[in-house]
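K.L.:
Sequence first, predicted model second:
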Amino acid sequence: MRNPRYSQKQPFHFLIKASFQAFLFIKFSEETNYQYNIKSKMKNSFPLVYSFLAFFFLLLVSVRSNVIQDSCDKAAKADPNINIDFCVASLEQNPKSKTATRTEELVPISIEIATSHATSISCIISKLLENKNLEKFTRSCLEACSELYTEAGSDLQSGGQAFESKDYGTANVDISAALDAPETCEDGFKEKKGLVLPLTKENNHFFQLTAIPLAFITMVQ
């Protein structure tokens, strides 16, 4: 009696099974090749993506650098008291300027820089006043300068708020008031001949730092 497992139907079933396995193998091979091609294409596309991102970054940096340079150049031409190199350097030291793409965006940044400098000068004056051997006249001048720079800081803040509100007239008035502080402070010491002026450098820097936002406001209003 013939074993059922070895009937004539077995070659047919075996052929079907073998064909199905071959089909699966081919399908697997195709999918593997497809995935490899995708990975290969993605791998090859990475340099292009990186190149594009690098180009975009350099373009953005260029735009940001140009707005500072161009704005300071125009400000220096409009006001002889502003040194273009000083203007550029002071703005580039503030991280917020890295995101600026228009002169208008540099106004609050420049006001913030000037306000910070007014605070620094007030701190310098406070340290100078700690000297108990100061002459009466010098102490009186320093105390007057301290009040001037405190008021200048307030004027700059109110001027900045006015600018944010598009009230350019008030902004100009308030910031111009702050601009008087260094000159008035300096003149106080000059009333006594032969006296060493302790804040000349700070006064000159503050004058320029305050003149910069004024020039920018004139450019954007």
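P.N.:
All right, it came through fine.
K.L.:
Find the residue ranges of the protein scoring beneath the pLDDT cut-off.
P.N.:
Under the criterion pLDDT under 70, the flagged ranges of the chain are 1-65.
K.L.:
quick one, helices of it?
P.N.:
Shown for the chain, the helices assigned by DSSP state H span residues 9-78, 84-92, 103-129, 136-164, 168-190, 200-220.
K.L.:
contacting residues around Leu156?
P.N.:
Leu156 is in contact with 111, 114-115, 118, 174-175, 178, 210, counting by CB atoms under 8 Å, 6 or more residues apart in numbering. C-beta here means a position set from N, CA and C on the backbone, and glycine is covered the same way.
K.L.:
separation between it and Phe137?
P.N.:
Computed as CB to CB, to the nearest Å, the Leu156 to Phe137 distance reads 29 Å.
K.L.:
Reformat the contacts of Leu156 as JSON lines; add distance to Lys98 and neighbour count.
P.N.:
Shown next, in JSON lines, are the contacts of Leu156 (distance: CB to CB, whole Å; neighbours: other CB atoms under 10 Å):
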{"residue": "Ile111", "distance to Lys98": "17", "neighbour count": "28"}
{"residue": "Ala114", "distance to Lys98": "19", "neighbour count": "30"}
{"residue": "Thr115", "distance to Lys98": "19", "neighbour count": "22"}
{"residue": "Ala118", "distance to Lys98": "23", "neighbour count": "27"}
{"residue": "Asp174", "distance to Lys98": "27", "neighbour count": "23"}
{"residue": "Ile175", "distance to Lys98": "24", "neighbour count": "27"}
{"residue": "Ala178", "distance to Lys98": "26", "neighbour count": "29"}
{"residue": "Thr210", "distance to Lys98": "22", "neighbour count": "29"}
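K.L.:
tell me the two of the residues you listed that are most distant?
P.N.:
Greatest spatial distance among the contacts of Leu156 (CB to CB): Ala118 and Asp174, at 13.0 Å.
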